[in-house]
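*Asks:* Just need the structure, nothing else, for what follows:
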Amino acid sequence: MDNSNNNWKNESDSGDGLRNIFKVRFEMLSIRSQLRNLIKKEIITYSQILEKEKFNVKIYICRAKCKRLIHQFRGAIEDCSKVLSINNEYPAAWDERAFCHYLLKEYKKAIFNYTELLKFKVSDEAYYFRGISRARLKMYSIAIEDFTESIKMRKEEDQETMYKRGYCYLITKKYDEAINDLLKALKLDSQNVKYLHYLGEAYKAKGDIKIAEEVLELEKELKPLAGMDDEETKEGI
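*Replies:* Numbers count the residues shown, from 1 in each chain. Purely as a prediction, here's the structure:
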């Protein structure tokens, strides 16, 4: 039986599939480019307003947010600093500047700004990002406190906050607390191999070897489906 027609059809279908993938990627790049251009125009508009209204803190914050969106983090930080020189108790400026320092991985500065923000405005996000910043500086015990405050303030449970607190508990050898948080995180996202990995590690550290082996075996089975390698699974926070 001649399968040449079927082979040609399969090759053609494959080619169409690749063309569709490239088309989608091109369209996404085009949309991103258009958005970037729109944001740049907004920045120009805000700059023109500020030439006339040099103490308009709301416009500085709007421009800072736009700069952040196109990764001009230093410029955004400068705008926020200008606002704080005008009004040192303006929460939006502390918030935006803290997040820019966080994105730049300047965690000590992020912690300082989130701490100042929390004096004027309490939010689960401020605690969450300060917690991550502290954890990345290996300040795990006080990171746990921040994640706990964030969890208390949320209306619904958040798996990433649960996971991050569980990870900090694991590092500080509070294995029962770690297992409890990681199980809650998995209840909300049962296919997450990173959560499974650290749950297995927590059971192993606690001495529950059989359960640890079962969990880590499940992680091994799910890892290819998640498209994650060993390093991604073990990235921590």
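
*Asks:* Return the residues in contact with F73.
*Replies:* Contacts for F73 (Cβ atoms under 8 Å, 6 or more residues apart in numbering) come out as K67, C100, L103, L104. C-beta: built from backbone N, CA, C; applies to glycine.

*Asks:* any idea which of those is the one closest to K220?
*Replies:* Sorting these by distance to K220 puts L103 at the head of the list, at 33.4 Å, by Cβ to Cβ.

*Asks:* The closest residue to A205 other than its chain neighbours: neighbour count?
*Replies:* Using Cβ to Cβ, 6 or more residues apart in numbering and skipping residues adjacent in sequence, the residue nearest A205 is Y175, 5.5 Å away. When neighbours are counted by other Cβ atoms under 10 Å, Y175 registers 18.

*Asks:* mind checking pLDDT for the nearest residue to G131 once chain neighbours are set aside?
*Replies:* Closest residue in space to G131, ignoring its immediate chain neighbours: D146 at 3.3 Å, by Cβ to Cβ, 6+ apart. For D146, the pLDDT comes out at 98.

*Asks:* picking that back up, out of the contacts of F73, the closest to N180 would be?
*Replies:* Closest to N180, out of all of the contacts of F73 and judged by Cβ to Cβ, is L103, at 31.0 Å.

*Asks:* so what's that closest one up against?
*Replies:* R68, F73.

*Asks:* pLDDT score for it?
*Replies:* So, for L103, pLDDT stands at 98.

*Asks:* where's it relative to I211, distance?
*Replies:* Between L103 and I211 the computed distance is 38 Å (Cβ to Cβ, to the nearest Å).

*Asks:* Please parse this protein into its domains.
*Replies:* The chain breaks down by automatic domain parsing into domains covering 33-121, 122-237.

*Asks:* Comparing those domains, which yields the minimum mean pLDDT?
*Replies:* domain 122-237 (a mean of 93).

*Asks:* Kindly check the end-to-end length of that domain for me.
*Replies:* From its first residue to its last, domain 122-237 covers 23 Å (Cα to Cα, to the nearest Å).

*Asks:* got the contacts of F73 as TSV, with secondary structure columns?
*Replies:* Output for the contacts of F73, formatted as TSV (DSSP: H, G, I helix; E, B strand; the rest coil):
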residue	secondary structure
K67	helix
C100	helix
L103	helix
L104	coil
